[in-house]
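# What shape does this take:
(4 chains)
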Protein chains: 2
Amino acid sequence: MNASRTARERVRAEMIKEITDVARKHLATEGAAGLSLRAIARELGMVSSAIYRYFAGRDELLTALIIEGYNAIGEVVEEAGARARQDDYAGRWLAVCRAVRQWALANPHEYALLYGSPVPGYKAPPDTVTPALRDTVVYGRILTDAYENDALTPPDLGLSAPTELSGDMERVRELMPRLPDDLVARAVLAWAALFGIVSFEVFGRFDNTIYERDALFDHNVRSLARLLGLP
Amino acid sequence: MNASRTARERVRAEMIKEITDVARKHLATEGAAGLSLRAIARELGMVSSAIYRYFAGRDELLTALIIEGYNAIGEVVEEAGARARQDDYAGRWLAVCRAVRQWALANPHEYALLYGSPVPGYKAPPDTVTPALRDTVVYGRILTDAYENDALTPPDLGLSAPTELSGDMERVRELMPRLPDDLVARAVLAWAALFGIVSFEVFGRFDNTIYERDALFDHNVRSLARLLGLP
DNA sequence: CTGATGTCAAGAGCGGTGCTCTCCATTTAG
DNA sequence: CTAAATGGAGAGCACCGCTCTTGACATCAG
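Got it, this is the predicted structure:
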């Protein structure tokens, strides 16, 4: 009976996978706004109402795609970070940044779904939190590794993080243990800057102006590395 | 006859303004995806098809809102930059950054429309280009002013912009004349970083982690100022 | 003043959407 | 074997963008 029950659940899981596969394909071509349950059902040869046996609605399907997306970018970032020589912290940072950018350029609509405007009316459920942090975890580990091996030598900017930030910095420190507040603040800045650069490029803000995008990206990311104190 | 024709055109212009006003209100509450021509018409007490006398379709209305948005943020940025002491370049930079952030926080949906994911299938017409650059023009002027008064002393990061970027940097230099390539590259980085930070905050990426957002923003923006060489 | 012209609101209608509900065949569990 | 759970199909609701036709009205030329 356990086997038969598993049989049903297996076909159900397969159905869910088919739906999300088609949905991801539509998302890639049309964007999140163009994601239509009816179109998905049509492509799967079933009627639209049948989709509701598997997803409570459009939002739930979107959530599944968001989680998949975070895991996808998290995975490429993890792999990129792992491929670099582990004691080459700047190299790991560069690899991570390139992985983020490459994935974003290859999957612009998914990137927009994850890092662009939030879908109005859509509230991210808690299950998205962990996948959403996969890439950031890799980033944090690089910084902590570098810091513990005395490989972080950030340039003095004549600034230090205000003490009122200590609570916030403490929370961020979960991702990058042991770093002092000043460095945590810089880490947040660099991470936000990375996605600012990538978003500018993916969302078309470089059109008709910047053409040597690989070179500019690498250069900017290296500048951020220096800001963080990576050699 | 000219007067009468103007009379007609005046009521037409007023109609257009009423439509965009209502549309902006809906945009602010529902977001771009929830912008409905029918709902706008309903609120104006007319039938949806009448809207098409003034706008060719949803996209054209969206374009009007985008242009208005760019002008709105451009205006607050211009004013903020003008209010600061003109020889206080770092102060002007800080004022501009704060203006961007404040406007974004006050108008999150409009900000998302301008700097978030592009609306799928929507192609920005050329009329949006000039308004889109209003804020950036202010930014460029600050940098050029500072540079010409020898007030830009960027820290040496041991990097210089690769020569293949010279063409791109030349184009960007239209906004910030005379700056050397290295500084132009840093300027692009800092500008993208600014919008990265603001987007993180507006799009909810700081939720449950960062609470002292004013302080963190100011600190990060000051760090960027140092990176640019602003005192 | 009259007739032609241009403008615009209204309404009907098309094809699309998310979502709900009922009906029914099949599969599963006891 | 029977009762319950499952899931597909279909109809239908309210909404959407958009198009087309119709009729009221204001403007203009003769």
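
# hey, let's count contacts and neighbours off CA atoms from now on
Will do.

# Enumerate the residues of chain A near DNA strand D.
Contact residues, chain A versus DNA strand D (CA under 7 Å from any atom of the strand): A:8-9, A:12, A:15, A:45-47, A:49-51, A:53-54.

# Where neighbours are concerned, which of the residues you listed has the most?
Tallying neighbours with other CA atoms under 10 Å in any protein chain shown puts residue A:51 at the head of the residues of chain A next to DNA strand D, with 21 neighbours.

# Please tell me how far that residue sits from residue B:167.
52 Å (CA to CA, to the nearest Å).

# Quick one: low-confidence residue ranges for chain A.
Applying pLDDT under 70 to chain A picks out residues A:1-6.

# Which one of the residues in it is closest to DNA strand C?
residue A:36 (2.9 Å; CA to the nearest atom of the strand).

# Would you mind measuring from that residue to residue A:57?
Residue A:36 is 11 Å from residue A:57, by CA to CA.

# repeat for residue A:148
Relative to residue A:57, and taking CA to CA, residue A:148 is found at 47 Å.

# swap in residue A:24?
Following CA to CA, the distance that separates residue A:24 from residue A:57 is 16 Å.

# more neighbours, those two?
More crowded of residue A:24 and residue A:57, by other CA under 10 Å: residue A:24, with 25 against 13.

# Tally up the residues packed near the closest residue to that one other than its chain neighbours, please.
The shortest distance from residue A:24 to any non-neighbouring residue, by CA to CA, 6 or more residues apart in numbering or on different chains, is to residue A:65 (6.8 Å). Residue A:65: 21 surrounding residues under other CA under 10 Å.

# With residue A:174 instead?
With other CA under 10 Å as criterion, residue A:174 counts 12.

# what's the answer for residue A:204, then?
For residue A:204, using other CA under 10 Å, the count is 13.

# Report the backbone C-alpha coordinates of stretch A:198-212 in PDB.
Below are the C-alpha coordinates for stretch A:198-212, written out as PDB (Å, rounded to 0.1, in the frame of the first residue of the first chain):
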ATOM      1  CA  VAL A 198      24.100  43.800 -12.700                       C
ATOM      2  CA  SER A 199      20.600  45.300 -12.600                       C
ATOM      3  CA  PHE A 200      21.800  48.300 -14.600                       C
ATOM      4  CA  GLU A 201      23.100  46.100 -17.300                       C
ATOM      5  CA  VAL A 202      20.200  43.600 -17.400                       C
ATOM      6  CA  PHE A 203      17.500  46.200 -17.200                       C
ATOM      7  CA  GLY A 204      19.000  48.100 -20.100                       C
ATOM      8  CA  ARG A 205      20.500  51.100 -18.400                       C
ATOM      9  CA  PHE A 206      23.800  50.700 -20.300                       C
ATOM     10  CA  ASP A 207      22.100  50.600 -23.700                       C
ATOM     11  CA  ASN A 208      23.600  52.900 -26.200                       C
ATOM     12  CA  THR A 209      26.400  53.900 -23.800                       C
ATOM     13  CA  ILE A 210      28.300  51.000 -22.500                       C
ATOM     14  CA  TYR A 211      29.400  48.400 -24.900                       C
ATOM     15  CA  GLU A 212      32.500  46.800 -23.300                       C
END
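
# quick one: is that stretch near chain B?
Yes - counting by CA under 8 Å from any CA of the partner chain, chain B has neighbours in stretch A:198-212: A:199-200, A:203, A:209-212.

# which residues in chain A form helices?
A:2-30, A:37-43, A:48-51, A:58-83, A:89-106, A:108-115, A:129-132, A:134-148, A:166-172, A:181-202, A:213-228 (DSSP state H).

# What residues of the first one count as buried?
Residues of helix A:2-30 classed as buried: A:16, A:19-20, A:22-24, A:26-29 (neighbour count, 16 or more other CA atoms under 10 Å in any protein chain shown).

# who does it touch, helix- and strand-wise?
Counting contacts by 3 or more CA pairs under 8 Å, 6 or more residues apart in numbering or on different chains; DSSP states H and E, helix A:2-30 is packed against helix A:37-43, helix A:58-83, helix A:108-115.

# If we use 7 Å, what do you get?
Helices and strands touching helix A:2-30, by 3 or more CA pairs under 7 Å, 6 or more residues apart in numbering or on different chains; DSSP states H and E, are helix A:108-115.

# before we move on, what about the fifth one?
Using 3+ CA pairs under 7 Å, 6+ apart as the contact criterion, the elements in contact with helix A:89-106 are helix A:58-83, helix A:134-148, helix A:181-202.

# among the residues of chain A next to DNA strand D, which are within reach of DNA strand C?
A:8, A:49.

# Closest one of the residues of chain A next to DNA strand D to DNA strand D?
Distances from DNA strand D to the residues of chain A next to DNA strand D, taken by CA to the nearest atom of the strand, are shortest for residue A:46, at 3.4 Å.

# circling back: top of the residues of stretch A:198-212 next to chain B by number of neighbours, please.
residue A:199 (28 neighbours).

# Quick check: that one vs DNA strand D, distance?
Note on residue A:199: its distance to DNA strand D, by CA to the nearest atom of the strand, to the nearest Å, is 27 Å.

# cool, and residue A:37?
From residue A:37 to DNA strand D the distance is 12 Å (CA to the nearest atom of the strand).
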